[in-house]
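Peer 1: give me a model of this one.
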Amino acid sequence: MNIPLLPTLLCSYVLFKLLQPKSTNTAEHQGQKSSTTLYRPQYTIPKQSNFSEEDIASFMKDNSFVTLITVAMKTNSTTPDVYTSFLPVVYDKQRNVIRAHLANMNPHMKFLQSQEDVFHVEHVLLFHGPHCYISPTWYKGFRDRAENSVDSYVPTWNYSLVKITSKHCTLLQDEKVKYELVNELSQLHEQFRQTNLDSSSTYIYSLDKEPKEDIGLELRGITGVEFSVDSIEVKMKMSQNKNEETMSLLTSILDSLPFESFRNVSTIMKKFSAK
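Peer 2: Just a heads-up that it's a prediction; the model follows:
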């Protein structure tokens with residue numbers, strides 16, 4: 001009996017993939033920072049926006065408190081395990097990685113450290129940007145329409161988000177590396193505080209001035225993480241389907257409101273090319 005060659009080869013390949021040793025997509029790194037392969041991630045950017053790669057990097061820096069979601073498939077389950085954490089991060093565009101740290105007691109970290117019976121893992125990091133409510137009363141047509149007009153207007157919400165997909169996570173266990181990571185995060189936000197929030201203050205925080213024993217105890221309670229940046233997706237709804245007159249009206253209204261979040265939305269709206 002002749003056995004078709006192609007189905008046989010396909011079956012052999014499937015069996016090979018199922019029986020090969022598990023791949024957790026997570027490496028453990030004890031020494032210096034990992035030698036992540038440098039490559040350009042895949043970008044997905046709204047067609048009408050004028051966002052450059054530098055704009056995206058700046059957006060990620062300005063909105064660096066992220067939602068981290070890890071989805072894992074296990075060999076003994078048909079449904080994925082999902083872990084979610086919220087944490088400040090540093091985006092290293094030159095090395096194409098995102099660095100952060102998690103408490104060792106966090107179930108998310110416990111999974112990253114063990115990953116028992118896992119054959120596929122993927123990480124998503126969400127950088128949440130400015131967002132706000134858009135009222136129908138702000139449209140010129142709504143204000144000008146007659147009482148018996150059949151024109152309809154509905155409320156909406158403008159938002160901005162950058163979604164990072166990562167296939168690889170490196171655990172940073174070395175105390176020196178963790179110290180550098182915590183110091184990098186603290187200095188980044190201390191500089192922002194001194195420049196923008198508290199410029200008149202003479203108080204300066206530095207991690208190296210704290211008792212080494214106390215810092216060492218804190219560092220033993222965390223593990224650093226470094227995620228590869230495999231794809232970058234910009235997701236924004238900024239009234240870009242409206243005409244130039246409406247976009248201009250909306251941004252002028254948002255700019256006049258006494259709330260920074262609304263004005264930040266206006267700034268992003270201006271980066272979109274109106275229809």
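Peer 1: which helix of this protein spans the most residues?
Peer 2: Secondary structure of the chain read by DSSP state H shows that its longest helix is helix 175-192.
Peer 1: please identify the buried residues of that one?
Peer 2: 177, 178, 179, 180, 181, 182, 185, 190 (16 or more other CB atoms under 10 Å). Where C-beta positions appear, they are placed from N, C-alpha and C, glycine not excepted.
Peer 1: residues touching the last one, list them.
Peer 2: Residues in contact with residue 190 (CB atoms under 8 Å, 6 or more residues apart in numbering) are 204, 205.
Peer 1: next: the second one.
Peer 2: When contacts are counted by CB under 8 Å, 6+ apart, residue 178 is found next to 101, 172, 219, 222, 223, 224.
Peer 1: redo that, cut-off 7 Å
Peer 2: 101, 172, 219, 222, 224 (CB atoms under 7 Å, 6 or more residues apart in numbering).
Peer 1: next one: the third one relative to residue 106, how far apart?
Peer 2: Between residue 219 and residue 106 the computed distance is 15 Å (CB to CB, to the nearest Å).
Peer 1: more neighbours, these two?
Peer 2: Using other CB atoms under 10 Å as the criterion, residue 219 and residue 106 rank with residue 219 on top: 19 against 15.
Peer 1: picking that back up, what's the helix or strand just after the longest helix of the chain packed up against?
Peer 2: Going down the chain from helix 175-192, the next helix or strand is helix 212-219, by DSSP states H and E. Under the contact definition 3 or more CB pairs under 7 Å, 6 or more residues apart in numbering; DSSP states H and E, helix 212-219 sits against helix 175-192.
Peer 1: what's the angle from the helix it packs on to helix 212-219?
Peer 2: Relative orientation of helix 175-192 versus helix 212-219 (axes from the mean of the first three to the mean of the last three CA atoms, to 10 degrees): 100 degrees.
Peer 1: picking up where we left off before, and the longest helix of the chain, average pLDDT?
Peer 2: The pLDDT scores in helix 175-192 average 92.
Peer 1: now for residue 212, how many residues are close by?
Peer 2: 9.
Peer 1: so what's it up against?
Peer 2: Contacts of residue 212 (CB under 7 Å, 6+ apart): none.
Peer 1: how much space between it and residue 219?
Peer 2: 10 Å.
Peer 1: likewise for residue 75?
Peer 2: 34 Å.
Peer 1: returning to that earlier point: what's the closest of the contacts of residue 178 to residue 265?
Peer 2: Taking CB to CB as the measure, residue 265 lies nearest residue 101 of the contacts of residue 178, at 30.9 Å.
Peer 1: so what pLDDT did that closest one get?
Peer 2: 97.
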